[in-house]
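Undergrad: return a 3D structure for these sequence lines:
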Amino acid sequence: MTDQQMNSTAVQTLFDKAMCEIGKVVVGQQELVEQAIVTLLAGGHALVEGVPGVAKTLAVKTIARWLALDYSRIQGTPDMMPADIVGTNIFMAAQNSFAFHRGPAFTQFLLADEINRMPPRTQAALLECMEERHITSDGVRYDLDPYFTVFATENPIEFEGTYPLPEAQLDRFLLKICVGYPTVEQERVVLERHHAAPQLLEAAQLEPLDPQLLAAARREVRETLVEPQILDYLLAVVRKTREWPTLALGASPRAATALLIVSKAYARRDGRNYLLPDDVKSAALPCLRHRLQLRPEAELEGYTADRALTDILAAVAVPQ
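TA: A predicted model of the protein is given here:
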């Protein structure tokens, strides 16, 4: 490959800076940070799943602060209405007219905590914003910011008072990021930091990212080269999910396009402007796990979507 083909300055610089700056606040959770950056580069939205207290909210807030993007947070509750997210028209007595009061969706970086506690109607309003990137109220269209990105969190262990997202809505999330517990060493660092100065963690000085770097990194991802045999491999992986014996529902064509852009971001992260099968493998689990539905008998046997995807990746022939 030429020097130009091996040059991926903007994306690599973005990842390096992210690990350095966000690490000042968040200990560990490298996979969460990496996949959050991939979500931004691909222009998508992410569903973040993890038990309480593993720094999901802290990480998202820190990334927004580091990127110097406008940030809003909404807390999912069973009585939340669509107007609580998108806004509503309010009568102004002084002007004798209605004025549109913008909701928290009018931002660049939106954290939707516990999205599965929102009723279906409110979930649908949020997901419409994500898909259309605009809001319509009383026939008037309001465009959202080009960098509008949603990180929705959900708790995988509580089901009382929740409204699980149906498969059609899950399919609109680019990635599903699974957040686990930190290692022993990482958790010790967390304790040491809280012991030393807990009030300074979220106030840590971060070097803001140059907005032009994020724009350049997005362009790099889009311009990544894809050979026909790699495209065939990616397509074979997606189509294999539709006939896999443990799966009742496979990945959609939208999933295939999502897998392509996420694979490009992983290639750029590793310093290449061309795709390899390993990039597709790296992107497959976070990109497809929430788009698959297991057969009931497979669930009873302890199968998971990640296990099915791992088996599928092992079964599909890798191009030479």
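Undergrad: show me the shaky parts of the stretch 1-150 of the chain.
TA: Across the stretch 1-150 of the chain, the ranges flagged by pLDDT under 70 are 1-8.
Undergrad: all the strands of it, residue numbers only.
TA: Using DSSP state E, counting those that start in this stretch, the strands found in the stretch 1-150 of the chain span residues 46-49, 71-75, 87-92, 97-102, 109-113, 134-137, 140-143, 149-154.
Undergrad: of all the ones you listed, which lies closest to G250?
TA: Between G250 and the strands of the stretch 1-150 of the chain, the shortest separation by C-beta to C-beta is 18.7 Å, and it involves strand 46-49. For the C-beta atoms, the positions are set from N, CA and C on the backbone; glycine is no exception.
Undergrad: list of residues touching that closest one?
TA: Here strand 46-49 makes contact (C-beta atoms under 8 Å, 6 or more residues apart in numbering) with 32, 35-36, 39, 56, 60, 115, 150-156, 165, 170, 173-179, 290.
Undergrad: distance-wise, check S97 relative to G87.
TA: 16 Å (C-beta to C-beta, to the nearest Å).
Undergrad: looking at those two, which is more packed in?
TA: Using other C-beta atoms under 10 Å as the criterion, S97 and G87 rank with G87 on top: 18 against 9.
Undergrad: and the nearest residue to the more buried one once chain neighbours are set aside, how many residues sit next to it?
TA: Leaving aside its chain neighbours, G87 sits nearest to G103 (3.5 Å; criterion: C-beta to C-beta, 6 or more residues apart in numbering). Applying other C-beta under 10 Å, we find 20 residues neighbouring G103.
Undergrad: distance check, the residue nearest the centre of the chain against A197.
TA: The centroid of the chain falls nearest to A46 when counting by C-alpha atoms, centre = their mean (2.0 Å). In this view, A46 and A197 are 30 Å apart by C-beta to C-beta.
Undergrad: helices along the stretch 151-300 of the chain, start to end?
TA: 167-170, 184-196, 211-222, 228-240, 253-269, 277-288, 296-300 (DSSP state H, counting those that start in this stretch).
Undergrad: break the chain into its domains for me.
TA: What automatic domain parsing lists as the domains of the chain is 26-192, 224-320.
Undergrad: related to what we said a few turns ago, tell me which of the strands of the stretch 1-150 of the chain lies nearest to A236.
TA: strand 46-49 (25.6 Å).
Undergrad: partner strands of the closest one and their direction?
TA: If you go by DSSP bridges, strand 46-49 pairs up with strand 149-154 (parallel), strand 175-178 (parallel).
Undergrad: just to revisit the earlier point, lowest-confidence stretch among the helices of the stretch 151-300 of the chain?
TA: Among the helices of the stretch 151-300 of the chain, helix 167-170 carries the lowest mean pLDDT, a mean of 80.
Undergrad: separation between the closest residue to T13 other than its chain neighbours and W66?
TA: In this structure, T13 finds its nearest non-sequential neighbour in L213, 6.4 Å apart by C-beta to C-beta, 6+ apart. Counting by C-beta to C-beta, the gap from L213 to W66 is 12 Å.
Undergrad: for the spatially closest residue to V54 that is not a sequence neighbour, what are its contacts?
TA: Spatial nearest neighbour of V54, chain neighbours left out: V179 (5.1 Å); criterion: C-beta to C-beta, 6+ apart. Contact partners of V179, counting by C-beta under 8 Å, 6+ apart, are Q29, E31, L32, V48, E49, G50, V54, A55, K56.
Undergrad: which ones among the residues you listed are found in helices?
TA: Counting by DSSP state H, the part of the contacts of V179 found in helices is E31, L32, K56.
Undergrad: which of those residues lies closest to R242?
TA: Nearest member of the ones in helices among the contacts of V179 to R242, counting by C-beta to C-beta, is E31, at 27.3 Å.
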